[in-house]
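A.B. asks: sequence plus predicted model, see below.
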Amino acid sequence: MKKKILLTRRWTQDAESYLSEHYDVTLNASDVPLDAAALSQAMRDYDAICPTVTDAMNAAVLGTPGARVKLIGNFGVGYNHIDVEAARKAGITVTNTPDVLTDTTADLAILLMLMATRRAGEGERELRAGRWTGWRPTHMMGQSVSGKTLGVVGFGRIAQATAHRAHHGFGMQVAYYGRRRAPADIEAACKARYVADLDTLVAESDVLTLHCPGGAETHHLVNRARLALMKPTAVLVNTARGTVVDEAALAEALVTKRIAAAGLDVYEREPVVNPALLGLENVVLLPHLGSGTQETRTAMGMRVARNVDLFFAGQPVQDKVV
Ligand code: DGY
């Protein structure tokens with residue numbers, strides 16, 4: 001009998017088709033996120049659930065009495081929405097989708113950096129509103145990134161790919177902070193300099209880009225005190241998780257011009273965005289588009305499928321979280 005699998009959201013057609021051919025798959029045709037009760041029911045009804053960042057796979061859901069699920073095949077590299085300890089206790093395997101979204105997400109970090117430093121959102125809004133009066137030498141001047149310091153927080157795959165682009169594509173100096181220093185060859189690939197103290201990195205960065213995981217350990221890592229350490233010309237970029245930044249403190253820093261600008265792809269309470277940010281010209285706000293290309297979203301779905309295939313074939317999964 002085919003294994004029963006639930007995809008909690010719409011995936012690309014290629015990925016949905018592949019899984020539907022091989023398993024008894026339930027698709028979420030309406031693409032509306034499932035609530036806790038529906039996720040708990042799914043824990044009883046399926047062999048595997050393939051959730052994503054919009055699904056709170058918390059201890060209550062994972063500990064559902066009478067649960068049948070043995071695999072959580074997450075669609076996405078970040079898994080802070082899954083209580084991995086609860087999964088471990090319940091004997092449930094959790095997988096994610098690293099590698100396949102690295103370049104796409106790094107591209108988006110660079111996009112946000114350039115949009116924020118070059119005031120692209122502000123410029124587009126001016127033009128569309130019919131407020132542009134023509135070229136002039138002092139019109140909407142932004143900041144150059146060449147020769148500036150990119151401070152990178154966390155130095156995993158996406159961080160390294162962002163640093164590589166910034167150094168080789170835009171002539172930036174790269175400095176990074178992480179729990180561990182990276183091997184010499186990884187540092188050499190983009191001439192990255194390790195800074196052992198986060199506050200020092202924050203203070204010396206012209207652009208600070210966040211690439212650490214979400215969760216309790218990094219909650220409000222960028223808070224009012226750290227924003228106060230930043231240069232007044234500095235730009236903050238967040239493609240990691242919204243909870244890493246205290247949004248209210250950031251809005252205040254942007255209003256008072258404590259920092260120059262920010263580019264955000266992720267938010268503390270998605271899809272709600274702090275209203276204090278919405279009216280500001282000096283922040284670029286994207287709707288969690290980091291991995292959002294046709295190619296990458298298909299590759300993510302196929303990466304989940306690979307883990308599902310291996311798991312139900314009784315082989316070690318490729319991307320085991322727990
Ligand atoms: C990821 O892969 O972590 C994306 O942010 C979506 O969850």
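C.D. replies: Yep, it's here.
A.B. asks: near the ligand, which residues of this structure?
C.D. replies: Residues of the chain lying close to the ligand (C-beta under 6 Å from any ligand atom) are T52, V53, G76, V77, G78, L101, G290, S291. Where C-beta positions appear, they are placed from N, C-alpha and C, glycine not excepted.
A.B. asks: one more time with 5 Å
C.D. replies: Within the chain, the residues that sit near the ligand (C-beta under 5 Å from any ligand atom) are V53, G76, V77, G78.
A.B. asks: in this protein, where's the longest helix?
C.D. replies: helix 294-312 (DSSP state H).
A.B. asks: what helices or strands is that helix leaning on?
C.D. replies: helix 13-22, strand 48-50, strand 71-73, strand 93-95, helix 102-117 (3 or more C-beta pairs under 8 Å, 6 or more residues apart in numbering; DSSP states H and E).
A.B. asks: now with 7 Å, please.
C.D. replies: In terms of contacts (3 or more C-beta pairs under 7 Å, 6 or more residues apart in numbering; DSSP states H and E), helix 294-312 is packed against helix 13-22, strand 71-73.
A.B. asks: for the spatially most central residue of the chain, list the residues it contacts.
C.D. replies: What sits nearest the mean C-alpha location of the chain, by C-alpha atoms, centre = their mean, is A240, with 3.6 Å. Neighbouring residues of A240 by C-beta atoms under 7 Å, 6 or more residues apart in numbering: L210, H211, C212, G214, V266.
A.B. asks: now do the strands in this protein.
C.D. replies: With strands called from DSSP state E, the chain shows them at 4-7, 24-26, 48-50, 71-73, 93-95, 149-153, 173-177, 193-194, 207-210, 235-238, 261-264, 283-285.
A.B. asks: if we can go back for a sec, from the residues of the chain next to the ligand, which ones fall inside helices?
C.D. replies: Going by DSSP H, the helices hold none of these.
A.B. asks: who wins on neighbours among those residues?
C.D. replies: V77 (24 neighbours; other C-beta atoms under 10 Å).
A.B. asks: that one contacts T95, correct?
C.D. replies: No: between V77 and T95 there is no contact under C-beta atoms under 7 Å: 10.7 Å.
A.B. asks: circling back: quick one: contacts of the longest helix of the chain?
C.D. replies: The contact list for helix 294-312, computed with C-beta under 7 Å, 6+ apart, reads 3, 5, 11-12, 14-15, 18-19, 48, 50, 71, 73, 75-76, 93, 95, 97, 100-101, 104, 291, 316-319.
A.B. asks: likewise stretch 20-34?
C.D. replies: By C-beta under 7 Å, 6+ apart, stretch 20-34 touches 2-10, 16, 19, 42, 54-55.
A.B. asks: count of residues packed around the closest residue to V202 other than its chain neighbours?
C.D. replies: Of all residues not flanking V202 in the chain, L229 sits nearest, at 4.8 Å (C-beta to C-beta, 6 or more residues apart in numbering). Neighbourhood size, L229 [other C-beta under 10 Å]: 17.
A.B. asks: any idea how far A116 is from L229?
C.D. replies: With distances taken as C-beta to C-beta, to the nearest Å, L229 is found 19 Å from A116.
A.B. asks: please apply the same query to Q173.
C.D. replies: Distance of Q173 to A116, given as C-beta to C-beta: 18 Å.
A.B. asks: so for those two, which sits in the more crowded spot?
C.D. replies: Comparing Q173 with A116 by neighbour count (other C-beta under 10 Å), the higher total belongs to A116, at 25 against 18.
A.B. asks: measure that one to the ligand for me?
C.D. replies: For A116, the distance to the ligand equals 19 Å [C-beta to the nearest ligand atom, to the nearest Å].
A.B. asks: burial measure for T256, as a count.
C.D. replies: Neighbour tally, T256, other C-beta under 10 Å: 10.
A.B. asks: give me the pLDDT value at it.
C.D. replies: At T256, the model reports a pLDDT of 98.
A.B. asks: list buried residues within the contacts of helix 294-312.
C.D. replies: Applying 16 or more other C-beta atoms under 10 Å to the contacts of helix 294-312, the neighbour count classes 3, 5, 11-12, 15, 18-19, 48, 50, 71, 73, 75-76, 93, 95, 97, 100-101, 104, 291, 317-319 as buried.
A.B. asks: residues contacting whichever residue of the stretch 101-250 of the chain sits closest to the ligand?
C.D. replies: In the stretch 101-250 of the chain, no residue comes nearer to the ligand than L101, which is 5.6 Å away by C-beta to the nearest ligand atom. The neighbours of L101, taking C-beta under 7 Å, 6+ apart as the test, are V77, S291, T296, M300.
A.B. asks: ok, 10 Å please
C.D. replies: 76-78, 108, 157-158, 290-293, 296-297, 299-300, 303 (C-beta atoms under 10 Å, 6 or more residues apart in numbering).
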